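Peer 1: 3D, please:
(one chain, ligands or ions: 1)
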Amino acid sequence: MLVHVERVGFSYGRTEILRGVDWRIGLGVTGLLGPNGAGKTTLLNLLVGLARPTGGTITMRDGDRGAGFAVGFVPQRFSLAGEMRVLDTVAYAAWVNGVAREDCGKAAGTALEMVGLSDNARTRVRALSGGQRQRVGIAAALAHQPRLLVLDEPTAGLDPGQRLRLREVVAAIGATRAVLLSTHLIEDISHLCDRVGVLAGGRLVFDGTERELTALIDDTDATAAASAGSRFERAYDALITGLGAARD
Ligand SMILES: Nc1ncnc2c1ncn2[C@@H]1O[C@H](COP(=O)(O)OP(=O)(O)OP(=O)(O)O)[C@@H](O)[C@H]1O
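Peer 2: Okay, the predicted model is just below:
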């Protein structure tokens, strides 16, 4: 396992958001699902070192997460300088993340290849589509070759075609490193993620594969069983609703 999250807690002032999250994240693409306000972004911020847990520990297998360079992060919202060319944007990110100045151009070229934007290297950022900008953000986060890439809702706001392209890119990245992404889209999980974690009530209430999650419900309803996506959605809803009932 690459990342080990142990009994992690976090509070904003007196409001407890996370209360003992245990999770192990390995190679491949892992999805993080949870209701609005469950603390997904908060947990991602802790993983990339933007905030510190108020309890528990986060460790990476070889080395201190605090060193920062082992992690790449694309936040939910980010801005890029429209006048800059794509290659320069990514090369600058490489330099900020510790790549030696003379190696930044090559590092940026490699990262752009990984996200399928080599042909746009000389394009100014302002001329790109939303999906291409999202991929520039991923290239910028990848340019220093981190072992863990964290993406906060990478497919939000993209049209179906752009979403598909982004999923292909993320799946290919997940073949050689750990990718963790939060999403509201069950489809993202079904089409992209090797594993899924569900955050609710301040804890990770599920950690496993899509198949293991769908196995939680007794799906004898023929209509609902028609597509894997709908089964997954039903299982997820049952998990979240069950937790609510348990608390009431
Ligand atoms: N800076 C902050 N100060 C106080 N409370 C905050 C702050 N940031 C987030 N919160 C609260 O913490 C809780 C968790 O927020 P977070 O953004 O991590 O959830 P989320 O699961 O990512 O939500 P969403 O699915 O809506 O994006 C929410 O109730 C939110 O209002």
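
Peer 1: Wait, residue 235 touches residue 209, no?
Peer 2: No: taking Cβ atoms under 8 Å as the contact criterion, residue 235 and residue 209 are not neighbours in contact, 11.6 Å apart. Every C-beta, even on glycine, is put in place using the N, C-alpha and C of the backbone.

Peer 1: most centrally placed residue in this protein?
Peer 2: Averaging the C-alpha coordinates of the chain gives a centre point, and the residue nearest to it by Cα atoms, centre = their mean is residue 181 (1.7 Å).

Peer 1: correct me, but it touches residue 33?
Peer 2: No: distance between residue 181 and residue 33: 10.1 Å, which falls outside the contact criterion (Cβ under 8 Å).

Peer 1: mean confidence score for stretch 182-200?
Peer 2: The average pLDDT for stretch 182-200 rounds to 91.

Peer 1: what about it, distance to the chain center?
Peer 2: Centroid separation for stretch 182-200 versus its chain: 9 Å, with Cα atoms, centre = their mean, to the nearest Å.

Peer 1: Export stretch 26-40 to PDB, keeping only CA atoms.
Peer 2: C-alpha atoms of stretch 26-40 as PDB (Å, rounded to 0.1, in the frame of the first residue of the first chain):
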ATOM      1  CA  GLY A  26      -2.600   1.600  -3.400                       C
ATOM      2  CA  LEU A  27      -1.800   1.600  -7.100                       C
ATOM      3  CA  GLY A  28      -4.600   2.100  -9.600                       C
ATOM      4  CA  VAL A  29      -7.500   4.500  -9.600                       C
ATOM      5  CA  THR A  30      -9.500   4.900  -6.300                       C
ATOM      6  CA  GLY A  31     -12.700   6.800  -6.100                       C
ATOM      7  CA  LEU A  32     -14.000   8.700  -3.100                       C
ATOM      8  CA  LEU A  33     -17.800   9.100  -2.900                       C
ATOM      9  CA  GLY A  34     -19.900  10.600  -0.200                       C
ATOM     10  CA  PRO A  35     -22.900  12.900   0.400                       C
ATOM     11  CA  ASN A  36     -22.400  16.700   0.000                       C
ATOM     12  CA  GLY A  37     -20.500  18.000   3.000                       C
ATOM     13  CA  ALA A  38     -19.200  14.600   4.100                       C
ATOM     14  CA  GLY A  39     -15.700  15.900   4.100                       C
ATOM     15  CA  LYS A  40     -14.200  14.600   0.800                       C
END
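
Peer 1: what's in contact with it?
Peer 2: Under the criterion Cβ atoms under 8 Å, 6 or more residues apart in numbering, residues 1-3, 10, 17-18, 43-44, 152, 170-171, 174-184, 186, 188-189, 192-202, 236, 240 lie in contact with stretch 26-40.

Peer 1: Using PyMOL, define a selection of the buried residues within these.
Peer 2: The command below creates a PyMOL selection of those among those that count as buried (16 or more other Cβ atoms under 10 Å):
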select buried, resi 2+3+10+17+18+43+44+152+170+171+174+177+178+179+180+181+182+183+186+188+189+192+193+194+195+196+197+198+199+200+201+202+236+240
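
Peer 1: Now look at the biggest helix by length in the chain and say if it contacts the ligand.
Peer 2: Ranked by residue count under DSSP state H, the longest helix found in the chain is helix 228-247. No: counting by Cβ under 6 Å from any ligand atom, the ligand is not contacted by helix 228-247; separation bottoms out at 12.4 Å.

Peer 1: could you turn that helix into PDB, dropping everything but the C-alphas?
Peer 2: Coordinates of the C-alpha atoms in helix 228-247 are reproduced here as PDB (Å, rounded to 0.1, in the frame of the first residue of the first chain):
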ATOM      1  CA  ALA A 228     -24.400  -2.200 -13.600                       C
ATOM      2  CA  GLY A 229     -24.600   1.600 -13.000                       C
ATOM      3  CA  SER A 230     -28.100   1.400 -11.600                       C
ATOM      4  CA  ARG A 231     -27.200  -1.500  -9.300                       C
ATOM      5  CA  PHE A 232     -24.200   0.500  -8.000                       C
ATOM      6  CA  GLU A 233     -26.400   3.500  -7.400                       C
ATOM      7  CA  ARG A 234     -28.900   1.500  -5.500                       C
ATOM      8  CA  ALA A 235     -26.200  -0.100  -3.400                       C
ATOM      9  CA  TYR A 236     -24.700   3.200  -2.600                       C
ATOM     10  CA  ASP A 237     -28.100   4.800  -1.700                       C
ATOM     11  CA  ALA A 238     -28.800   1.800   0.500                       C
ATOM     12  CA  LEU A 239     -25.500   2.200   2.300                       C
ATOM     13  CA  ILE A 240     -26.000   5.900   2.900                       C
ATOM     14  CA  THR A 241     -29.700   5.500   3.900                       C
ATOM     15  CA  GLY A 242     -28.800   2.700   6.200                       C
ATOM     16  CA  LEU A 243     -26.300   4.800   8.000                       C
ATOM     17  CA  GLY A 244     -28.800   7.600   8.400                       C
ATOM     18  CA  ALA A 245     -31.400   5.100   9.800                       C
ATOM     19  CA  ALA A 246     -28.800   3.700  12.200                       C
ATOM     20  CA  ARG A 247     -28.100   7.200  13.600                       C
END
